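**Q** Please find the sequence and the predicted model below.
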Amino acid sequence: MRLTLNIWRQKSPSAKGKMVPYTLDNVSEHMSFLEMLDVLNEQLITKGQEPVAFDHDCREGICGSCGFVINGVAHGPRRGTTVCQLHMRSFNDNDELFLEPWRAAAFPVLKDLIVNRSSFDRIIGAGGYVSVATGSATDGNAILVPKPESDMAMSAAACIGCGACVAACPNASASLFTGAKIAHLGLLPQGQPERHSRALNMVAQAKEEGFGNCTNIGECEAVCPKGIQLENIARMNRDYLVGAVLYREPQAEAGAG
Amino acid sequence: MPLNSRTPAGPIEKRWENTKFEMKLVNPANKRKYNVLVVGSGLAGGSAAATLAELGYNVKCFCFQDSPRRAHSIAAQGGINAAKNYQNDGDSIYRLFYDTVKGGDFRARESNVYRLAQISVNIIDQAVAQGVPFAREYGGTLANRSFGGAQVSRTFYARGQTGQQLLLGAYQALERQIDAGRVKMYPRTEMLDLIVIDGKARGIVTRNLVTGQVDVHIADAVILATGGYGNVFYLSTNAKGSNVTAGWRAYKRGAYFGNPCFTQIHPTCIPVSGDYQSKLTLMSESLRNDGRIWVPKKQGDTRPPQQIPEAERDYFLERIYPSFGNLVPRDVASRAAKRMCDEGCGVGPTGLGVYLDFGASIERLGRQAISERYGNLFEMYERITGESPYRVPMRIFPAVHYTMGGLWVDYHLMSTVPGLFVLGEANFSDHGANRLGASALMQGLADGYFVIPYTLGNYLAANPVEKVSENHPAAKAAIEEVTGRIKKLLGVNGTRTVDSFHRELGKIMWDHCGMARNAKDLYAAAAKIRELKTEFWQNVNVLGESTDLNQSLEKAGRVADFLELGELMCIDAAERNESCGGHFREEHQTPEGEAMRDDENYAYAAAWEFKGEGQPAVLHKEDLTFEYVKPSQRSYK
């Protein structure tokens, strides 16, 4: 098939970007979307033009590196699928496609379709963990976890941190991402001691990074390649509320003996 | 330099404990005075960086991805082994040790493997405490399954995303340390050289992949946890970015490369569909529990599978290996599939594929039961191929998956360069000539959480080093070499793309250093690769600049190193005149086509020393002795 691709080209974070049209012939329906871009890039290099930069790594939908907007939809038209697993059979001959990077203040563009998502790492660093140093664990079966809770925690933990939820949200909110981690750990017994401080700290960090608030639009859930549900945002809000009510200044630790 | 593996003596179950007790310790107040560099942030690197920071060391951690959470460990599907014996089915540390030594076809170090089996139980405890959502039984206890033909259920799993969940556990621990200021994280940063001063690893040279800036980082020790090098084959199940550059640079600075030719080829991957193919996707090995593998009996049979009657199908694994059938180990299954395709019975548009058929299981168990077991895998297959395995048999073909080889390390995980430690898939240590399923995650985390924190402390306490500055002549020389190389790559201005060289290299490797190898072709392949390398440096076309984000330049540097590694792999494979594990030499097989080991002459780990550009590498041998598991021929008939 033949495609017209309009791709966002931006040389550097400070440079001005623009959409640039390309046409590509002989696209096979069996190619993945990224393989189609590989072919385009090989042709560009041969013509002496700089290839299109895009993030990708595992190409099997799990590392969360890839992602851009195709015709206004994060990760493109197929639900539950990252662009690396999207195949060209989802498109038709003579389609015109528009490819843009994630757009959010907290995800500045680095080059072409690549954005900086380190804000997500800092949200995790603010509290998305259980504080347990290596070596201080009890036997695995000493902590019993009911299967339903364990399954729900796993569903929340399946988030790949790609950022599609932010790109799709009119508020550029990171609530689905943040909520998924808060729900994953908050559902498990291991996560209880820090449950409420975790919610307070992670939500505060998301705000500091410049992500917006959630206004229950649900675009995030619709584009999430891993099916992370809105319910996780409700869990985040509940843990945050309880955390805010129960909050006390930390006590100084006295040095005994 | 003679190899000293520093393997402890004494009863095997006491060796690690005794070694730990004999180690020198670093005073808690002094730990923060030591600077440690960790390159790579996967299971091995992430767990090491977090743990060393918890202990108080000053850690810098580097990864080429945009976040440490994206290291390729994340793609591991099946599970992680541990000798917990929660299922009361006869498992033990000794049995896991025994299975791993045997599965590795007697080419691993017994002491290391025993330690790995001992530590396996601590890993599960640590991961559970971090909140890794392992599968559970209704009573709330941890669930297990049998995996990769093991006769006990010792595999812990988190749906089909065990690697992801274990990595996120390590990543979250790492982010906690980053937030606390004990680890400085450098994402989108690539290591391009090792700095050796007075014979010790004292730092690295890195390139910031966004700005192109080249920097020196000086430290008291360097830890490489940079993964495997399967991408030397171009097509593999590895992530696109996975590369050998950090390890190869260390090799050129004096670290020996261990068993480079030991490659694992996984039998159940989705076949190549065209020239544009950029990577291969693994379908979990668990599919072989209920799928039957077959090809048409008639060569070149182009009928669709449904129209081929039962009597005209060859269920070749069941035929050749009646007692293990479709569940033979990975290397055996892969070779059998290749043989069928070589004989002209392969299926699909390229003839390089065999059927994995669920028809009989669906009839026996019902569609519902099959969907509960494999639904997500079937969906993934359909997403990629456009065909539903509920209606049409899957087509599968073997693909490069894991490299057992890597930098040679001693029992302390230290390479032949003092102060340079190597963890996880990047080292050569524990899997011998073939890795068992669900053992890669175990080894990465064992090295990072529970081995390096001890052995590193011992090294630092016993080897006081002088303070050096970032302007040390060795550092300056390394920077110059790195920038010179970048300039050279950008200056060739040839006519071929980096990928076209990489594809050509991959094809040579796959054809001659893949599932079946012979000495004549291996030497010829090594010569071809040398020619390709010469052409690369004369005719590669790398556009753009060195001072910004330039993915072609990144790839070019990595492919340049793969071109050198490929040659060494061929030489190593040619020099090992036996078949063992994933290394199958056509000259060394039984009349039935099974692998023939030569324990008399080849019971050693090969460690290759770099002798200078254009000089042949020199082989050193670490003899392997088996005091506990007596070498035997594997048989799956």
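**A** Arrived safely, thanks for sending.
**Q** if you skip the residues just before and after it, what's nearest to whichever residue of the stretch 451-600 of chain B sits closest to chain A?
**A** Closest approach of the stretch 451-600 of chain B to chain A (Cβ to the nearest Cβ) occurs at residue B:549, with a separation of 4.5 Å. Quick note: C-beta positions are derived from backbone N, CA and C, even for glycine. In this structure, residue B:549 finds its nearest non-sequential neighbour in residue A:111, 4.5 Å apart by Cβ to Cβ, 6 or more residues apart in numbering or on different chains.
**Q** Phi, psi for that neighbour please.
**A** Listed backbone geometry of residue A:111 is phi -170, psi 140, with angles given as degrees, to the nearest 10.
**Q** show me the contacts for it.
**A** Residue A:111 is in contact with A:10, A:11, A:12, A:13, A:53, B:548, B:549, counting by Cβ atoms under 8 Å, 6 or more residues apart in numbering or on different chains.
**Q** Spell out which two among these are the most distant pair, please.
**A** A:13 and A:53 (12.3 Å; Cβ to Cβ).
**Q** Which one's more surrounded, these two?
**A** Applying other Cβ atoms under 10 Å in any protein chain shown to residue A:13 and residue A:53 shows that residue A:53 carries more neighbours, namely 21 against 16.
**Q** Ends of stretch B:67-78, what's the gap?
**A** Using Cα to Cα, to the nearest Å, the gap from the first to the last residue of stretch B:67-78 comes to 23 Å.
**Q** what about it and chain A, touching?
**A** Yes: residues of stretch B:67-78 are located near chain A by Cβ under 8 Å from any Cβ of the partner chain, namely B:67, B:68, B:69, B:70, B:72, B:74, B:75.
**Q** for the fifth one, what are its contacts?
**A** For residue B:72, the contact set (Cβ under 8 Å, 6+ apart) comprises A:57, A:58, A:63, B:42, B:227, B:238, B:239, B:241, B:242.
**Q** okay, these in a markdown table with secondary structure and pLDDT next?
**A** Converted to a markdown table, those look like this (DSSP: H, G, I helix; E, B strand; the rest coil; pLDDT from 0 to 100):
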| residue | secondary structure | pLDDT |
| --- | --- | --- |
| A:57 | coil | 98 |
| A:58 | coil | 97 |
| A:63 | coil | 98 |
| B:42 | coil | 98 |
| B:227 | coil | 98 |
| B:238 | coil | 98 |
| B:239 | coil | 98 |
| B:241 | coil | 98 |
| B:242 | coil | 98 |
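**Q** quick one: which of these is nearest to residue B:634?
**A** The shortest distance between residue B:634 and any of the contacts of residue B:72, using Cβ to Cβ, involves residue B:238 and amounts to 26.5 Å.
**Q** wouldn't that closest one be in contact with residue B:244 here?
**A** No: counting by Cβ atoms under 8 Å, residue B:238 does not reach residue B:244; the two are 10.7 Å apart.
**Q** and residue B:636, what does it touch?
**A** Residues in contact with residue B:636, defined by Cβ under 8 Å, 6+ apart, are B:321, B:323, B:324, B:328, B:329, B:332.
**Q** for residue B:162, same thing?
**A** With the criterion set at Cβ under 8 Å, 6+ apart, residue B:162 makes contact with B:76, B:77, B:78, B:79, B:80, B:156, B:438, B:441.
**Q** Tell me the confidence at residue 166?
**A** Using chain A. Here the pLDDT value assigned to residue A:166 is 98.
**Q** nope, chain B
**A** As predicted, residue B:166 sits at a pLDDT of 98.
**Q** part of a helix, is it?
**A** Yes: when DSSP: H, G, I helix; E, B strand; the rest coil is applied, residue B:166 is found to be in a helix.
**Q** Give me the number of neighbouring residues for it.
**A** Residue B:166 is surrounded by 31 other residues when neighbours are defined as other Cβ under 10 Å.
**Q** do residue B:20 as well
**A** 12.
**Q** how much space between it and residue B:118?
**A** 11 Å (Cβ to Cβ, to the nearest Å).
**Q** again, but for residue B:544
**A** Here the criterion is Cβ to Cβ. By it, residue B:544 lies 50 Å from residue B:118.
**Q** more neighbours, these two?
**A** residue B:118 (21 against 18).
**Q** quick one: secondary structure of that one?
**A** Reduced to three states with three-state DSSP, the structure at residue B:118 is helix.
**Q** What count of nearby residues applies to the nearest residue to it once chain neighbours are set aside?
**A** Closest residue in space to residue B:118, ignoring its immediate chain neighbours: residue B:93 at 5.5 Å, by Cβ to Cβ, 6+ apart. One way to gauge burial is a neighbour count; for residue B:93, by other Cβ under 10 Å, it gives 21.
**Q** wouldn't residue B:93 be in contact with residue B:119 here?
**A** No: in this structure, residue B:93 sits apart from residue B:119 without contact. The criterion is Cβ under 8 Å, and the distance is 9.5 Å.
**Q** Quick check on the residue nearest to residue B:555 when sequence neighbours are not counted: phi, psi?
**A** Sequence neighbours aside, residue B:498 is the residue nearest to residue B:555 in space, at 4.7 Å (criterion: Cβ to Cβ, 6+ apart). Note on residue B:498: backbone dihedrals following degrees, to the nearest 10 are phi -60, psi -40.
**Q** Now do the same contact list for residue B:498.
**A** Residue B:498 sits next to B:540, B:541, B:542, B:552, B:555, B:556, B:559 when contact means Cβ under 8 Å, 6+ apart.
**Q** doesn't residue B:543 make contact with residue B:556?
**A** No: shown here, residue B:556 and residue B:543 do not form a contact pair, counting by Cβ under 8 Å, at 10.1 Å.
**Q** Tell me which of these two has more neighbours.
**A** residue B:556 (25 against 16).
**Q** SS state for the more buried one?
**A** On the basis of three-state DSSP, residue B:556 is classed as helix.
**Q** For it, which residues are in contact?
**A** For residue B:556, the contacting residues are B:489, B:498, B:540, B:542, taking Cβ under 8 Å, 6+ apart as the criterion.
**Q** Equivalent analysis for residue B:115, please.
**A** Residue B:115 neighbours (Cβ under 8 Å, 6+ apart): B:15, B:16, B:446, B:451.
**Q** And those, which two are furthest apart?
**A** Across the contacts of residue B:115, no pair lies farther apart than B:15 and B:446, at 14.6 Å, counting by Cβ to Cβ.
**Q** Would you mind telling me which of these two has more residues around it?
**A** Each of residue B:15 and residue B:446 has its neighbours counted (other Cβ under 10 Å); residue B:446 has more, 27 against 20.
**Q** give the contact list for that one.
**A** With Cβ under 8 Å, 6+ apart as the criterion, the residues that contact residue B:446 are B:115, B:116, B:119, B:120, B:123.
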